[in-house]
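Engineer: I would like to see how this sequence folds:
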Amino acid sequence: MNIEQLLRIINKHVPLNTAESWDNVGLLIGDTSSTVTGVLTALDCTDDVVEEAMTNQCNTIVCHHPLIFKGVKNITQQDGYGAIIRKLIQNNINLIALHTNLDVYPKGVNAMLANKIELHNQHILNPETIPYFKVQVFIPKVNLETFKKRLSEAELAQEGEYEYCFFESPGNGQFKPVGHANPHIGELGSVEHVEEYKLEFMIEANQRDLTQQLITQHHPYETPVYDFIKMEKESNYGLGMIGELKASMSADSFVKHVKKQLHMPSVRFTGDLNSQVKTVAVIGGSGIGFEYAAAKKGADIFVTGDIKHHDALDAKIAGINLLDINHYSEYVMKDGLRQLLITWLDDEEIDFNINASQLNTDPFEYI
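Structural biologist: Predicted coordinates:
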């Protein structure tokens, strides 16, 4: 298996286009034609992680936090990030980043955290909204099947694992060609009645121009009649998870439970330690800003990282419990992503190992 094939499989499960527009995901360093000899999953790509990959004969690192993110201005042996990039290139190691697309994946980072703190009845906290178009076009019955075939060949009218997703309803079309018209059916000056069908189907937002081109190209009429109706639907992915503990417990007990489950040396809490916690919302990394939406959905506590002083104070005044498990709590993705890759590649013939990094890349020391 080469990098291109691996990326294709990854993209099928955690599509790169579900990442935030500001993010940097996919193959950051490497060669799509290179053969995969081993995979190492990591939270961060540090110099030590590159050494670990080399030691384990892994020529591919799949990390959560993009190494190339803020804008690298030079690549020198003395520069921290530059030195890492030089080492990756010199040793022919491919670097793939799965960041916010892994965050919003239903079985991604937030689900991994939710599983670690033993939440049941999990569902996505903030599902994404996807824009799409409902298309309706009117076409003579005799041209209907050929027209549908052309649209389907262009991969339109698809939904998930289903193709050729059309709805059609019969009707009577009528028109009167005049002037310099060159009608496919009928004669100049005469009203023509035609047995037509209204064909309806769904397309993705980015397929609008293609669909319009194909309708114009394959419809028999000079001036086909069609509509694009803009709509939105809730996706099956989104940021954060919300779920329930098996049994209600005090906030104080919950904090101790989370520390134990995540092996965290230190956490920060704001709120009422004596309050009862049953429903929990979690967003790994920096999820502040979603605490009020979580509370409206019934969360007794919001778990995230990188909480600032004023955000904590505002939440305390508003009566919202917050638990800061710091950004490094996302380390759970190392083994979690390893398990996902094993599952995704189960039907593939692979002759390489998939390892989870054993290194702690938390930049803080807890004193």
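
Engineer: what residues does the helix or strand harbouring residue 51 touch?
Structural biologist: Using DSSP states H and E, residue 51 maps to helix 47-55. Residues from elsewhere that reach helix 47-55 (C-beta atoms under 8 Å, 6 or more residues apart in numbering): 38, 40, 42, 59-61, 63, 83-84, 87-88, 91, 93, 357-359, 361. C-beta: built from backbone N, CA, C; applies to glycine.

Engineer: What subset of those residues is buried?
Structural biologist: In the contacts of helix 47-55, burial by neighbour count holds for 38, 40, 42, 59-61, 63, 84, 87-88, 93, 357, 359, 361, counting by 16 or more other C-beta atoms under 10 Å.

Engineer: per-residue confidence averaged over the helix holding residue 51?
Structural biologist: Averaged across helix 47-55, pLDDT comes to 97.

Engineer: what do you get for stretch 216-229?
Structural biologist: 93.

Engineer: end-to-end on that stretch?
Structural biologist: 17 Å (C-alpha to C-alpha, to the nearest Å).

Engineer: Run through who's touching it.
Structural biologist: Applying C-beta under 8 Å, 6+ apart, the contact partners of stretch 216-229 are 133-140, 143, 146-147, 150-151, 181-185, 208, 211-212, 215.

Engineer: So which bits of the one helix or strand residue 151 maps to are buried?
Structural biologist: Using DSSP H and E, residue 151 sits in helix 144-153. Within helix 144-153, the residues that count as buried by 16+ other C-beta under 10 Å are 144, 147-148, 151-152.

Engineer: Ok, stretch 46-66 next?
Structural biologist: By 16+ other C-beta under 10 Å, the buried positions in stretch 46-66 come out as 46, 49-50, 52-53, 56, 58-66.

Engineer: which one among the residues you listed gets closest to residue 11?
Structural biologist: Nearest to residue 11 among those, counting by C-beta to C-beta, is residue 62 at 12.6 Å.

Engineer: In the stretch 201-350 of the chain, what residue spans correspond to strands?
Structural biologist: Applying DSSP state E, counting those that start in this stretch to the stretch 201-350 of the chain gives strands spanning 225-250, 268-270, 276-282, 301-304, 322-324.

Engineer: now the angle from the longest one to strand 276-282?
Structural biologist: Read that as strand 225-250. With axes from the mean of the first three to the mean of the last three C-alpha atoms, to 10 degrees applied, the angle from strand 225-250 to strand 276-282 works out at 140 degrees.

Engineer: Tell me the buried residues in strand 225-250?
Structural biologist: Buried positions in strand 225-250, judged by neighbour count with 16+ other C-beta under 10 Å: 226, 237-245, 249.

Engineer: likewise the second one?
Structural biologist: Taking 16+ other C-beta under 10 Å as the basis for neighbour counts, the residues of strand 268-270 that come out buried are 269-270.

Engineer: who touches it?
Structural biologist: For strand 268-270, the surrounding residues in contact (C-beta under 8 Å, 6+ apart) are 251, 255, 307, 312-313, 315-316, 321-324.

Engineer: before we move on, what about the last one?
Structural biologist: Here strand 322-324 makes contact (C-beta under 8 Å, 6+ apart) with 254-255, 258, 267-271, 291, 301-307, 312, 315-316.

Engineer: of the contacts of stretch 216-229, buried ones?
Structural biologist: For the contacts of stretch 216-229, buried by 16+ other C-beta under 10 Å: 133, 135, 137-140, 143, 147, 151, 183, 211, 215.

Engineer: Can I get those in a markdown table including distance to residue 106?
Structural biologist: Below are these laid out as a markdown table (distance: C-beta to C-beta, whole Å):
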| residue | distance to residue 106 |
| --- | --- |
| 133 | 25 |
| 135 | 28 |
| 137 | 34 |
| 138 | 39 |
| 139 | 38 |
| 140 | 44 |
| 143 | 41 |
| 147 | 36 |
| 151 | 30 |
| 183 | 52 |
| 211 | 29 |
| 215 | 35 |
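
Engineer: Return the closest of those residues with respect to residue 279.
Structural biologist: Of these, the one sitting nearest to residue 279 (C-beta to C-beta) turns out to be residue 133, at 36.7 Å.

Engineer: Next SSE downstream of the helix holding residue 51?
Structural biologist: Where DSSP H and E defines the elements, the next helix or strand beyond helix 47-55 is strand 60-63.

Engineer: secondary structure class for residue 103?
Structural biologist: helix (DSSP: H, G, I helix; E, B strand; the rest coil).

Engineer: just for the protein, where's the confidence low?
Structural biologist: 73, 78 (pLDDT under 70).
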